[in-house]
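> Provided below are the primary sequence and the corresponding predicted coordinates.
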Amino acid sequence: MKNQKRTISIFILAGGKSSRMGRDKGLIPLKGRPMISYLIETIEGLDLPISIISNEPGYESFGYPVFPDLVKDKGPLGGILSAMSNTESVYCLIISCDSPFTSQDVIKELISEAVLDQITLGQLGGKLLPFPGVYPGSLKEKVRQNLEANHLKLQSFVLENPHHLIAWEERCQNPEKQFANLNTPEDIRFWEEKIK
């Protein structure tokens, strides 16, 4: 993809109530560092614009723009609308802060596979993985309409719109780790043991 810096911007979704974690997920320590810092370290090497979607001012300490939810309490789809509304890039590459082990290779693969006006994301074991994913800004009004209608299921939104899927089993190593979501204190403890 040519002119990547203008064409694509990266947004980390760090919003949400984090009810299972008990507090803001991205700021929870993982091996002594905020979980989101692993992801930031990975994507900084891509030389693309980085922003964070969150209502938590603590994320400002990472030195990147932090944008609040335009519409609160609407889940990931609400975060995607906030991302699309805060960039002029053609695509938003959306990553969730609770997936700290996503690699540069996976993100580069998504970018290289991006199809104009289509959502590009992966699947693993037949299951759709909405994040990380490339979402075209041309879908912003459809996202807004779904939010207004309270149709908040992201997987349904993906399947109802043009999309391009990557089979991660065939493309990346150790997908269990790459796409692990750390949603509970138990998840944190499990992965802290695994990454000793």
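Thanks, I have it. Numbers count the residues shown, from 1 in each chain.
> ranges for the helices of this protein?
Using DSSP state H, the helices of the chain run over 4-7, 35-44, 75-84, 104-113, 140-148, 154-160, 168-171, 175-178, 185-194.
> Of the ones you listed, which is nearest Asp24?
Smallest distance to Asp24 across the helices of the chain (CB to CB): 9.4 Å, for helix 35-44. The way it works is simple: take the backbone N, C-alpha and C, and place the C-beta from them, glycine included.
> that older thread, tell me which of the helices of the chain sits most buried.
helix 75-84 (a mean of 23; mean count of other CB atoms under 10 Å).
> Where does the prediction get shaky in the chain?
In the predicted model, the chain carries pLDDT under 70 at residues 1-6, 16-23, 196.
> Report the central residue of it.
Geometric centre of the chain, nearest residue: Ile95, 1.5 Å, by CA atoms, centre = their mean.
> In contact with it, which residues?
10-13, 39, 43, 102, 107, 131-132 (CB atoms under 8 Å, 6 or more residues apart in numbering).
> quick revisit: between the helices of the chain, which one is nearest to Gly122?
Among the helices of the chain, the nearest to Gly122 by CB to CB is helix 168-171 (4.5 Å).
> helices and strands around that closest one, which ones?
helix 104-113, strand 119-124, helix 175-178 (3 or more CB pairs under 8 Å, 6 or more residues apart in numbering; DSSP states H and E).
> okay but Ile43 is in contact with Ile50, surely?
Yes. Taking contacts as CB atoms under 8 Å, Ile43 lies within contact range of Ile50: 6.0 Å.
> Determine the residues that are contacts of both of the two.
Residues touching both Ile43 and Ile50 (CB under 8 Å, 6+ apart): 10, 12.
> Let's see if you can find the most crowded of the contacts of Ile95.
Ile12 (29 neighbours; other CB atoms under 10 Å).
> what's across from that residue in the sheet?
Ile12 has these beta-bridge partners by DSSP bridges: Ile52, Ile95.
> now swap in Ile8 and tell me
Tyr91.
> Assess the claim that it and Ser112 are in contact.
No. If you go by CB under 8 Å, Ile8 and Ser112 don't touch, sitting 11.0 Å apart.
> what residues are up against Ser37?
Phe62.
> meant to ask about Leu70
If you count contacts by CB under 8 Å, 6+ apart, then Leu70 has 78, 81-82, 85 around it.
> Quick check: longest strand in this protein by residues?
For the chain, the longest strand by residue count, based on DSSP state E, is strand 127-136.
> Summarise which helices and strands it is packed against.
Using 3+ CB pairs under 8 Å, 6+ apart: strand 127-136 touches helix 75-84, strand 91-96, helix 104-113, strand 119-124, helix 154-160.
> Run the angle between it and helix 104-113 for me.
60 degrees (axes from the mean of the first three to the mean of the last three CA atoms, to 10 degrees).
> Tell me which strands strand 127-136 pairs with, and in which orientation.
Applying DSSP bridges, one finds strand 127-136 paired with strand 91-96 (antiparallel), strand 119-124 (antiparallel).
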